[in-house]
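A.B. asks: structure of the sequence below:
(2 chains)
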Amino acid sequence: MLTIDGLTKRRGGRAVLSEVTFRARPGRVTGFLGPNGAGKSSTLRVLLGLDRADAGTALVDGRRYRDLVAPLRTVGSMLDGAGAHRSRTARNHLAWVARSNAIPRRRVDEVLAQVGLADAARTRVGRFSLGMGQRLGLAAALLGDPPVLVLDEPTNGLDPAGIRWIRGLLRARADAGATVLLSSHLMGEVAEIADDLVVIAGGRVVATGPVDEVTAGYRTLEDAFFGLTGGGR
Amino acid sequence: MKATDTVLAELRKSATLPATAVAAGIAVLGCAGIALLNAVHVRDAPAAGRADLVGYTAPAEAVFSAAPLGAVGAVVLGVTAVSSEYAINSPGAGGGRQVLATLTAIPRRPELLVAKALVVALLVAATAAVALPVSLAIVHAVAGPVAADGLLARSVGAGIYWMLTALMAMAVTVFARGGVLPLIVLITNSSLVSVSVLLAKVTPLAFWLPDLAGMRLFAGDLVVGADRALDAPTGGLVMAAWTAALLAAAAAVLVRRDA
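C.D. replies: Residues are numbered from 1 along each chain as shown, chains lettered A, B, ... in the order given. Presented below is the predicted three-dimensional model:
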């Protein structure tokens, strides 16, 4: 369970996040939806202990991310692509990540196969395509077989087959009891997979709840998105 | 997650970074090359009728006057250990920086910095353990026996000087979050023009600056200004104090800063 309470963050005098509050529950895929610059990445960065909030808390099963004993065994995350140095090979990158959280070395080849990068294991990350970078980021997220997944725009750069594949993967994880939080600015992709929605605009949460509740009164999710975020005018 | 996992992960990360091999190469080949040139000079000095030069170019000096190149290698190692975290991946692969993977894997930042410092110190020590004996062997083969007097102390001293230099370079790179500026400034300072050496001509206080303080760890009596420099134990401690202060400041910055 991810518990975000009253997150507030200012950057250079501008409020990036204002009292952001929501839950992401086990066994459900929570779509974190909003236009670019709405505060999705900022929220996830605070949740993952990367950035500091001026107020509020973001907890993973009641604990701050940085207090988790082996964080990658609890939370798998992907922000901003692969997160690997360009001169490293995919395997080499995952090997140090695994080592840092005492994850067995065999997991490296397992997740590379799982995300379809087995043949690119020895390729330098700098030569990857956007989609391969996303797959490597996802491999790192899956490395510790975590009960919680936090993914920022995971389908960025994936082809339709890749998008379909990731949808199946996340659905299976949630059905097995995992907490899945994924952000997106594309309502269509979220509609296909999310059970719950958190809609954010201008650093404020404007709607939360099960998909049918949030979209009630709108003809389509797209109408709901623009209606709630005040965009598209 | 145990602290040893963090250290082993950082060791694997640094040891497999191509820039680390480059840094070690600079130190080993650079020292060996300079030592070879010096040794040839020492060997030929008497034959050239310049026996007066032999004092300045004793075999031991042929080895230790190459030490600044080891410091350059140490700077590269210390800088790239941190700057590689902030390097942006190629745009085609979606950009992104390794630091996000690092900080989500190892969210306790003081622990991360300590692990990085240990790894950098270890890699520099390993480099010194190759570079100095190789240089000694070359000088021995070309110019004859190197006087054993103080040799071990100066070798260890050179290794400590490189290690502390690398750690300071690492700390400075934490502030800069990129490698270009620290590399230019620190390599220039340790190889071409030392700001501290210039200042030492003006005030003896310059001998307390980070790079000059520890010079007697390896430099002999014949180095310019060495008579006024701090002695090896004092200078080594002063240099270590600078290193500790810079690392503490780097930790404070790293803990407070958004990734």
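A.B. asks: next, the contact list for residue A:170, please.
C.D. replies: A:29, A:149, A:151, A:154, A:180, A:182, A:193 (Cβ atoms under 8 Å, 6 or more residues apart in numbering or on different chains). For the C-beta atoms, the positions are set from N, CA and C on the backbone; glycine is no exception.
A.B. asks: helix, strand or coil for the residue lying closest to residue A:126 once chain neighbours are set aside?
C.D. replies: The shortest distance from residue A:126 to any non-neighbouring residue, by Cβ to Cβ, 6 or more residues apart in numbering or on different chains, is to residue A:86 (3.1 Å). Secondary structure, DSSP: H, G, I helix; E, B strand; the rest coil: residue A:86 is coil.
A.B. asks: please apply the same query to residue A:18.
C.D. replies: When classified by three-state DSSP, residue A:18 comes out as strand.
A.B. asks: residue A:207 belongs to a helix?
C.D. replies: No - with three-state DSSP as the criterion, residue A:207 is assigned strand and is not in a helix.
A.B. asks: so it touches residue A:214, yeah?
C.D. replies: Yes - between residue A:207 and residue A:214 there is a contact under Cβ atoms under 8 Å: 4.9 Å.
A.B. asks: need the residues touching each of these two.
C.D. replies: Both residue A:207 and residue A:214 are in contact with A:197, A:199, A:228, where contact means Cβ under 8 Å, 6+ apart.
A.B. asks: what score does the second one have for pLDDT?
C.D. replies: Reading off the confidence values, residue A:199 has pLDDT 94.
A.B. asks: wait, doesn't residue A:25 sit right on residue A:180?
C.D. replies: No - using Cβ under 8 Å, residue A:25 and residue A:180 do not qualify as a contacting pair, with a distance of 9.8 Å.
A.B. asks: more neighbours, the two?
C.D. replies: Using other Cβ atoms under 10 Å in any protein chain shown, the more surrounded residue of residue A:25 and residue A:180 is residue A:180, with 28 against 16.
A.B. asks: ok, residue 151 - contacts?
C.D. replies: Looking at chain A here, since you left the chain open. Counting by Cβ under 8 Å, 6+ apart, the residues that residue A:151 touches are A:77, A:78, A:138, A:141, A:170, A:180, A:181, A:182, A:183.
A.B. asks: could you do chain B instead?
C.D. replies: Neighbouring residues of residue B:151 by Cβ under 8 Å, 6+ apart: B:60, B:136.
A.B. asks: okay, the nearest residue to residue A:39 once chain neighbours are set aside and chain B: tell me how far apart.
C.D. replies: Leaving aside its chain neighbours, residue A:39 sits nearest to residue A:203 (4.3 Å; criterion: Cβ to Cβ, 6+ apart). Here residue A:203 is placed at a distance of 16 Å from chain B (Cβ to the nearest Cβ, to the nearest Å).
A.B. asks: what comes up buried for the longest helix anywhere in chain A?
C.D. replies: Across chain A, the longest stretch assigned as helix under DSSP state H is helix A:160-175. Within helix A:160-175, the residues that count as buried by 16 or more other Cβ atoms under 10 Å in any protein chain shown are A:162, A:163, A:165, A:166, A:167, A:169, A:170, A:173, A:174.
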